[in-house]
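> Structure for the following, please:
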Amino acid sequence: MSADRTAREPGEIFGPRMTLFADVLLVGLVTAVACLPLVTVPAALSTSCAVLRGTGVGEPATARRYAALLRERSWAADLAAGLVWIVGVLLLVADLGLAGAGLPGAPLFAVVAAAIGAYAAVVALRACARPESRTDWRAAVRGAAGACVRDAGGSALVLLALVAAVLCAWMLVPLAFLVPGPLAMALTAIDVRGHANAEDPSATDTSLDHSDVEEQREPSQEPQ
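Now for the predicted structure:
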């Protein structure tokens, strides 16, 4: 029985505790509650990613564990990160508002502002998923900025996850209290995959080469 609880399928990241989607919804609910002051959004999302990352080593995804990790955080740095997040959102909204006011060059300005905002959002989300965001936001942001360059595919997935979360919350408002869970799960999975690929970039090529060798051996094993 214990072997069944610890066994994982190929490619599984979060471990057997995350086979129930209810765990993700619970994490999303407590994250949404922690985000209500707005200035706590980075800390709340970073904590949810830490909880989900812990399931990979057998830690439970519970509200109690979430609260424990949230209490252990450095709130001075977290509140500073929250203020930066709020100022960034306000600046983006103001820029897009000016672009919609019919100023000269507004279309180009709107495109540039949207591109900068999208890049900043991806860096911020990837920073929340990094383990160092629990203690050092500057290191997390530097690592996230580097990951955006090294892992363009992962960054595209982060942006798609954000768009999906926003659309779900926009189409059905009550989902806004649940989408932080799936969003955090996506961010954590992308970050874990990125670290795994960085540590062993030849893993995929090796498996392909191994399959090619097996295909080459098959004709020799046929009866003559």
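> The most centrally placed residue in the chain and residue 161, how far apart?
Nearest to the centroid of the C-alpha atoms of the chain, with distances taken as C-alpha atoms, centre = their mean, sits residue 187, at 1.3 Å. Here the criterion is C-beta to C-beta, to the nearest Å. By it, residue 187 lies 7 Å from residue 161. Backbone N, C-alpha and C define where each C-beta goes, glycine included.
> which neighbours do those two share?
Listed as contacting both residue 187 and residue 161 by C-beta atoms under 8 Å, 6 or more residues apart in numbering are residue 125.
> and the next element down the chain from the helix or strand hosting residue 125?
Taking DSSP states H and E as the criterion, the element that holds residue 125 is helix 106-129. Past helix 106-129, heading to the C-terminal end, the next element that is a helix or strand (DSSP H and E) is helix 137-150.
> what mean pLDDT would you report for stretch 40-60?
Taken as a whole, stretch 40-60 has an average pLDDT of 90.
> For it, list every residue counted as buried.
Residues 40-56, 59 are the ones in stretch 40-60 that count as buried (16 or more other C-beta atoms under 10 Å).
> how about that stretch as PDB, C-alpha atoms only?
Once side chains and other backbone atoms are set aside, the C-alpha atoms of stretch 40-60 remain, and they are given as PDB (Å, rounded to 0.1, in the frame of the first residue of the first chain):
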ATOM      1  CA  THR A  40       0.000  40.700  -0.500                       C
ATOM      2  CA  VAL A  41      -0.500  39.300  -4.000                       C
ATOM      3  CA  PRO A  42       3.200  38.400  -4.600                       C
ATOM      4  CA  ALA A  43       3.700  36.800  -1.200                       C
ATOM      5  CA  ALA A  44       0.400  34.800  -1.500                       C
ATOM      6  CA  LEU A  45       1.200  33.500  -5.000                       C
ATOM      7  CA  SER A  46       4.800  32.700  -4.000                       C
ATOM      8  CA  THR A  47       3.500  30.700  -1.000                       C
ATOM      9  CA  SER A  48       1.100  28.800  -3.100                       C
ATOM     10  CA  CYS A  49       3.900  27.800  -5.400                       C
ATOM     11  CA  ALA A  50       6.000  26.700  -2.400                       C
ATOM     12  CA  VAL A  51       3.100  24.600  -1.100                       C
ATOM     13  CA  LEU A  52       2.700  22.900  -4.500                       C
ATOM     14  CA  ARG A  53       6.400  22.400  -4.900                       C
ATOM     15  CA  GLY A  54       6.500  20.700  -1.500                       C
ATOM     16  CA  THR A  55       4.000  18.000  -2.600                       C
ATOM     17  CA  GLY A  56       6.800  16.700  -4.800                       C
ATOM     18  CA  VAL A  57       8.600  15.600  -1.700                       C
ATOM     19  CA  GLY A  58       5.600  14.300   0.100                       C
ATOM     20  CA  GLU A  59       4.400  17.500   1.900                       C
ATOM     21  CA  PRO A  60       0.700  18.000   2.200                       C
END
